[in-house]
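Student: The sequence and its predicted three-dimensional model are supplied below.
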Amino acid sequence: MTSSERNAPNALNATSLGRARARIERLCRELPDAITLFARLNGIIPAVVPVDGVCGLTLDPATLLHTGGYHEKGVPHSHLLRLLEIEYGEEDVNQFPELVRSDRTAAGLWQATRRRPHGSARYRDVYQPVGMGDELRVLLRDQRAVWGALILHRGGDRPPFTVEETAAVEALVSAVTQGLRRSYLRHDATVAGTEAPGAAGLLTFDPDGGLDRITAGGQWCLDQLGGAPSPTAAARISQPLLHMCAKARRTGEASVRVRGRSGRWLSLVATRVDKEGRVAVIIQPSHPEHTVGIMMEAYGLTPREQQVAQLVIYGMTDTEIAKRLTISTHTVRDHLKKVFDRTGTNGRSQLLHILYFAHYRPDIEAGRAMGTSGWFTAAGSDPTQPLR
């Protein structure tokens, strides 16, 4: 048997795999939001690969922090804090940064531990105590960014994921990735009419993760994050906040951008305020410059096309752009045609409206470039790293 045959999906599942891929492609053409996309995958993926739980996560491409998602029969809340401590404060197998660096799309916990799952703190302290078995982590990424991830769970009475099952899931995620990427492009009409508070919101959490203070602005932002209803206050806190607080307790600070329920983007910064582990979180609506980078990435603009688009919004002519970038005006027009095609616009004014940002001129004139995180970097520095 050849290597490609060993890694191919099980022939018995070829028909169901084709049907599942077609269903996902139809789903993505409907342009659902990320949560709806993940929820409906829960009815598609198990038809190809048996699972007991499907979780879909949106990840900030700049930090790989969890920014939201859908959870079906995942880790119970009673063990979530320990899971976050491991995820953001301890070294363990098959964590997302490791998976990204490996250039793999998917990997199982049994695979990562060479079938010795007790070598993973995540398994010992979280999965085994609640009766869970193997976990398959699947990145939703393209050549430009990691947009999210799927986490598939099996109960402790099921066998671990096989190579063939992993390959079957990998065969589906390209369509899922495109659907998730397009969800960033949805323009929610309610955004323009959503009034945000004038001041940033503040939330403070005690060392055990309990919410002990919240301002009026913080309540507005908390509602935007859409924490799941629950009889307990802790369980109403959204997953992104819990993830941020866990990381801040370990590293001192964590930040992330999240799209709220109205479609408006929010910027969150969590800071550990004392040695006991109290955390303060500042939440406020993101300024356009914080989010436009990820939006341009979502449209699939190349780095050069992003540069041209940035200069267009400041009213620069084709000649001025050509001089600035040291290219011909013919090349500028070629790039602009591609920018308009990719963004679905027919001119500069529509492009300006779609990208919806302003006041970048001082940074551009200072020689700074905007990275994929949506932040400007200092002249000469790595344009993929956020400016802090």
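Tutor: Sure, I can see it.

Student: Count the residues that sit near residue 300.
Tutor: Counted with other CB atoms under 10 Å, residues neighbouring residue 300 total 16. Glycine gets a C-beta too; all of them are placed from N, C-alpha and C.

Student: Helix, strand, or coil at it?
Tutor: Following DSSP: H, G, I helix; E, B strand; the rest coil, residue 300 is assigned to coil.

Student: got a list of what it touches?
Tutor: 144, 181, 342 (CB atoms under 8 Å, 6 or more residues apart in numbering).

Student: Would you confirm that residue 126 contacts residue 81?
Tutor: No: using CB atoms under 8 Å as the test, residue 126 is too far from residue 81 to be in contact (9.8 Å).

Student: more neighbours, those two?
Tutor: A direct count of neighbours by other CB under 10 Å for residue 126 and residue 81 places residue 126 higher, at 24 against 16.

Student: Determine which residue lies closest to the centroid of this protein.
Tutor: Among the residues of the chain, the one closest to the centroid is residue 59, at 1.9 Å (CA atoms, centre = their mean).

Student: Could you give the bridge partners of that residue?
Tutor: Beta-bridge partners for residue 59, by DSSP bridges, are residue 66.

Student: Are we agreed that residue 274 is in a strand?
Tutor: No: read with three-state DSSP, residue 274 is coil and lies in no strand.

Student: Quick one: distance of the helix or strand encompassing residue 27 to the chain centre.
Tutor: Residue 27 belongs to helix 14-29 when assigned by DSSP states H and E. Centroid separation between helix 14-29 and its chain, computed with CA atoms, centre = their mean, to the nearest Å, is 23 Å.

Student: Give me the below-cutoff pLDDT ranges for the stretch 1-150 of the chain.
Tutor: Along the stretch 1-150 of the chain, the model assigns pLDDT under 70 to residues 1-13, 62-63.

Student: Report the buried members of the contacts of residue 300.
Tutor: 144, 181 (16 or more other CB atoms under 10 Å).

Student: about what we covered before: contact partners of the helix holding residue 27?
Tutor: Taking CB under 8 Å, 6+ apart as the rule, helix 14-29 contacts 9, 37, 40-41, 44-45, 47-48, 168, 171-172, 175-176, 178-179, 182.

Student: List only buried entries from those residues.
Tutor: For those, buried by 16+ other CB under 10 Å: 9, 37, 40-41, 44-45, 48, 168, 171-172, 175-176, 178-179, 182.

Student: now, which of the residues you listed lie within helices?
Tutor: Among those, DSSP state H puts 37, 40-41, 168, 171-172, 175-176, 178-179, 182 in helices.

Student: list the buried ones in stretch 239-251?
Tutor: Buried-residue list, stretch 239-251, by 16+ other CB under 10 Å: 239-250.

Student: Can you get me the centre-to-centre distance for stretch 299-312 and its chain?
Tutor: On CA atoms, centre = their mean, the centre of stretch 299-312 falls 21 Å from that of its chain.

Student: try stretch 269-278
Tutor: Taking the mean of its C-alpha atoms, stretch 269-278 sits 24 Å from the chain's own mean (CA atoms, centre = their mean).

Student: Count the neighbours of the nearest residue to residue 219 once chain neighbours are set aside for me.
Tutor: Closest residue to residue 219 apart from its sequence neighbours, by CB to CB, 6 or more residues apart in numbering: residue 201 at 7.1 Å. Using other CB under 10 Å, residue 201 has 23 other residues around it.

Student: How about the contacts made by residue 201?
Tutor: 214-222, 282-284.

Student: thinking again about what came up before, farthest-apart pair in the ones in helices among the buried ones among the contacts of helix 14-29, please.
Tutor: 168 and 182 (23.4 Å; CB to CB).

Student: Below-threshold pLDDT in the stretch 201-350 of the chain: ranges please.
Tutor: Ranges of the stretch 201-350 of the chain meeting pLDDT under 70: 227-236, 263, 287-295, 297, 313-315.

Student: Show residues contacting whatever helix or strand residue 334 lives in.
Tutor: Using DSSP H and E, residue 334 falls within helix 329-343. Here helix 329-343 makes contact (CB under 8 Å, 6+ apart) with 299-302, 304-305, 308-309, 312, 318-319, 321-322, 325, 345-347, 351, 354-355.

Student: where's that helix relative to the chain centroid, distance-wise?
Tutor: Helix 329-343 sits 28 Å away from the centroid of its parent chain (CA atoms, centre = their mean).

Student: Could you pull out the buried residues of that helix?
Tutor: Within helix 329-343, the residues that count as buried by 16+ other CB under 10 Å are 332, 335-336, 338-340, 343.

Student: what do you get for stretch 95-115?
Tutor: 95-96, 99, 104-113.

Student: From one end of that stretch to the other, what's the distance?
Tutor: End-to-end distance for stretch 95-115, by CA to CA, to the nearest Å: 17 Å.

Student: now swap in stretch 111-127 and tell me
Tutor: First-to-last distance for stretch 111-127 - CA to CA - comes to 16 Å.

Student: Same check on stretch 108-125?
Tutor: 17 Å.

Student: ok, how many other residues are close to residue 204?
Tutor: 16.

Student: and if you look at residue 92?
Tutor: Count around residue 92 with other CB under 10 Å applied: 19.

Student: And for residue 120?
Tutor: Around residue 120 there are 22 residues (other CB under 10 Å).

Student: excluding its backbone neighbours, what's nearest it?
Tutor: Among residues not flanking residue 120 along the chain, residue 93 sits closest, at 5.0 Å (CB to CB, 6+ apart).

Student: Quick check, residue 166 in contact with residue 137.
Tutor: No: assessed by CB under 8 Å, residue 166 is found out of contact with residue 137, at 10.2 Å.

Student: list residues touching both of the two?
Tutor: What both residue 166 and residue 137 touch, as defined by CB under 8 Å, 6+ apart, is the set 106-108.

Student: want to try a markdown table for those residues, with secondary structure and distance to residue 152 as columns?
Tutor: Formatted as a markdown table, the shared contacts of residue 166 and residue 137 follow (DSSP: H, G, I helix; E, B strand; the rest coil; distance: CB to CB, whole Å):
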| residue | secondary structure | distance to residue 152 |
| --- | --- | --- |
| 106 | strand | 9 |
| 107 | strand | 11 |
| 108 | strand | 9 |
